[in-house]
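Trainee: what's the 3D shape of this:
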Amino acid sequence: MQRACAVLVLLLAMSAPGATRGASLEPRYKSEFTYDEQLLEKMIRMEAEMDKWETRMNEQLGQLTSLREHIDHLMKTEDFRLELIQDAFVESRNHLTALQSRADGQVQQLLAKIKNGRI
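Mentor: Numbers count the residues shown, from 1 in each chain. As a prediction, this is how the structure comes out:
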């Protein structure tokens with residue numbers, strides 16, 4: 001919409017009396033109409049090219065957004081897995097500590113029995 005307004009304003013400015021006369025009129029054109037027509041055609045081509053660029057940029061932005069969402073999901077999954085591994089590690093360490101305490105107690109009982117001559 002803004003581009004259309006800009007084109008309209010430019011056309012109105014170019015159609016004003018004396019707008020394209022004199023030094024501004026390119027020598028390779030035979031008339032003001034030819035110059036204005038080719039300028040308008042060039043602007044239309046540029047607008048079409050801008051539309052293509054805008055479409056490409058939106059596609060790229062969509063792909064980047066999708067990739068970011070995928071990476072965020074992977075990070076959450078990996079964080080959850082890391083939490084599970086840490087919990088399992090703490091639980092295993094607690095079990096090992098309990099087993100070591102029990103083994104130490106049994107060794108102490110065995111040593112006490114040996115000292116008392118029961119074995």
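
Trainee: please make it C-alpha for all contacts and neighbour counts, starting now.
Mentor: Fine.

Trainee: and the helix or strand containing residue 86, what does it pack onto?
Mentor: Element membership for residue 86 (DSSP states H and E) is helix 32-116. For helix 32-116, the elements it packs on are helix 2-15, judged by 3 or more CA pairs under 8 Å, 6 or more residues apart in numbering; DSSP states H and E.

Trainee: residues near residue 32, how many?
Mentor: A count of nearby residues for residue 32, using other CA atoms under 10 Å, gives 17.

Trainee: repeat for residue 96
Mentor: Neighbours around residue 96, by other CA under 10 Å: 12.

Trainee: likewise residue 33?
Mentor: So residue 33, with other CA under 10 Å, has 13 neighbours.

Trainee: who touches it in this structure?
Mentor: Residues near residue 33 by CA atoms under 8 Å, 6 or more residues apart in numbering: none.

Trainee: and it, how far from residue 11?
Mentor: Distance, residue 33 to residue 11, using CA to CA, to the nearest Å: 11 Å.

Trainee: sketch out the low-pLDDT regions of this protein for me.
Mentor: 1-2, 4-5, 7-9, 14-29, 119 (pLDDT under 70).

Trainee: mind doing that once more with 50?
Mentor: Counting by pLDDT under 50, the chain has low-confidence residues at 22-23.

Trainee: so which residue of it lies furthest out from the middle?
Mentor: Centroid-distance maximum for the chain: residue 117 at 75.8 Å, with CA atoms, centre = their mean.

Trainee: got phi/psi on that one?
Mentor: phi 80, psi 20 (degrees, to the nearest 10).

Trainee: cool, and residue 31?
Mentor: Torsion angles, degrees, to the nearest 10, at residue 31: phi -150, psi 170.

Trainee: residues near it, how many?
Mentor: 14.

Trainee: and the gap between it and residue 13?
Mentor: Taken as CA to CA, the span from residue 31 to residue 13 is 17 Å.

Trainee: and for residue 116?
Mentor: Residue 116 sits 116 Å away from residue 13, taking CA to CA as the criterion.

Trainee: more crowded one of these two?
Mentor: The neighbour count for residue 116 versus residue 13, taken as other CA under 10 Å, is higher for residue 13 (13 against 9).
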